[in-house]
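*Asks:* structural data only, the sequence is not supplied:
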């Protein structure tokens, strides 16, 4: 084994001396890592009383009782749906004749008018749905039985969904 050169042993010793010298610096130059007074958890944290949520009552018209109101709303929705379905064949015919027509053509304009007529009948079916939603919200907030309302509401939702699908189909044909 060859002898180590003289500088090979001096270099590690020099580095060690500098490293030890860094550890001997004045303590006041650096902040303490000890826990400060403000970091100490003292006392108790009082959560207080939870805020009460004051839920206002939902005003609904129940003239004649809930069953009579539900029947009235269902009848109104079904009447509007019947009007919608009565216009549908004429609307389909007009929309078919407008297929591929230019936007400024009479056929396209007639299709827009009949689609607006269908929209009007659809909105008349959606009004009872809004009232059913208010009844449902009122019964839910009051923790009352909502089964009858849900049944009527589901029926009207189905009617409106059917109308939406028809309108979507007819509008797609005109574009």
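*Replies:* Perfect, I can see it now. Predicted, not measured: the structure shown is a model, and the values here were computed from it.
*Asks:* biggest helix in this protein, by residue count?
*Replies:* The residue-count maximum for a helix in the chain (DSSP state H) belongs to helix 106-141.
*Asks:* what is the least confident helix or strand in the protein?
*Replies:* Across the helices and strands of the chain, mean pLDDT, DSSP states H and E gives its lowest value to helix 6-23, namely a mean of 71.
*Asks:* just the angle between the following helix or strand past that helix and helix 106-141, please?
*Replies:* Where DSSP states H and E defines the elements, the next helix or strand beyond helix 6-23 is helix 66-98. Calculated by axes from the mean of the first three to the mean of the last three C-alpha atoms, to 10 degrees, helix 66-98 forms an angle of 160 degrees with helix 106-141.
*Asks:* buried residues of helix 66-98, list them for me.
*Replies:* In terms of neighbour count (16 or more other C-beta atoms under 10 Å), helix 66-98 has its buried residues at 66, 69-70, 73-74, 76-77, 80-81, 83-84, 88, 91, 94-95, 98. Any C-beta I mention is one placed from the backbone N, CA and C, and that applies to glycine too.
*Asks:* closest to residue 130 out of those residues?
*Replies:* Ranked by distance to residue 130 (C-beta to C-beta), the buried residues of helix 66-98 are led by residue 73 at 9.7 Å.
*Asks:* closest one of the buried residues of helix 66-98 to residue 133?
*Replies:* residue 73 (10.6 Å).
*Asks:* can you tell me the closest non-neighbouring residue to the closest one?
*Replies:* residue 128 (4.1 Å; C-beta to C-beta, 6 or more residues apart in numbering).
*Asks:* how many residues are close by the one you found?
*Replies:* By the criterion of other C-beta atoms under 10 Å, residue 128 has 24 neighbours.
*Asks:* mind listing what it touches?
*Replies:* Contacts for residue 128 (C-beta atoms under 8 Å, 6 or more residues apart in numbering) come out as 73-74, 76-77, 80, 156.
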